[in-house]
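[1] Sequence and predicted structure, then a few things I'm wondering about:
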Amino acid sequence: QVQLVESGGGLVQAGESLRLSCVASGSIFSINSMGWYRQAPGKQRELVASIITGGTANYVDSVKGRFTISRDNAKNTVYLQMNSLKPEDTAVYYCNADIRLRGSAWRATDYWGQGTQVTVSS
């Protein structure tokens, strides 16, 4: 019923930038929060940044000042601009969205994208 499709990952050198995008499609009534998580090999998945409909954003301390999350509500899209990338940012990045579906708008459900690899070389 709902798909989240990420794009924009890749291999970059330390100090460079990448921009991730995630588009939600399907029978969507509304989207509450949207966010980006990441999981590095051997580590737990962690929340990187999240943003609610009104635009208020939160970041994990390790990316504050380097990453910026934004969203286009009309396009059901969330972005993650990643600047000054470091090798420790290497991970699979997952898009997450809290979505209310048409026909069942009283209930919100978490959806995940398939993940996009970000690799930062030193």
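    Structure's in. What do you need? Numbers count the residues shown, from 1 in each chain.
[2] Every contact and neighbour count from this point should use C-alpha atoms.
    Fine.
[3] So residue 88, which state does it fall into?
    helix (DSSP: H, G, I helix; E, B strand; the rest coil).
[4] Least confident secondary structure element in the chain?
    strand 104-112 (a mean of 91; mean pLDDT, DSSP states H and E).
[5] Tell me the buried residues in that strand?
    Within strand 104-112, the residues that qualify as buried are 108, 112, counting by 16 or more other C-alpha atoms under 10 Å.
[6] Then stretch 2-22?
    Neighbour-count burial for stretch 2-22 [16+ other C-alpha under 10 Å]: 3-7, 9, 12, 14, 17-22.
[7] And the furthest pair within those?
    3 and 14 (31.5 Å; C-alpha to C-alpha).
[8] picking up where we left off before, then the least confident helix or strand of the chain to CSV, C-alphas only?
    This file holds the C-alpha atoms of strand 104-112, laid out as CSV (Å, rounded to 0.1, in the frame of the first residue of the first chain):
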residue,chain,number,x,y,z
SER,A,104,-7.8,4.2,8.1
ALA,A,105,-6.7,7.6,8.9
TRP,A,106,-7.3,7.1,12.7
ARG,A,107,-4.2,4.9,12.8
ALA,A,108,-0.6,5.7,12.0
THR,A,109,1.9,3.1,10.9
ASP,A,110,5.7,3.1,10.5
TYR,A,111,7.1,2.4,7.1
TRP,A,112,10.7,1.8,6.0
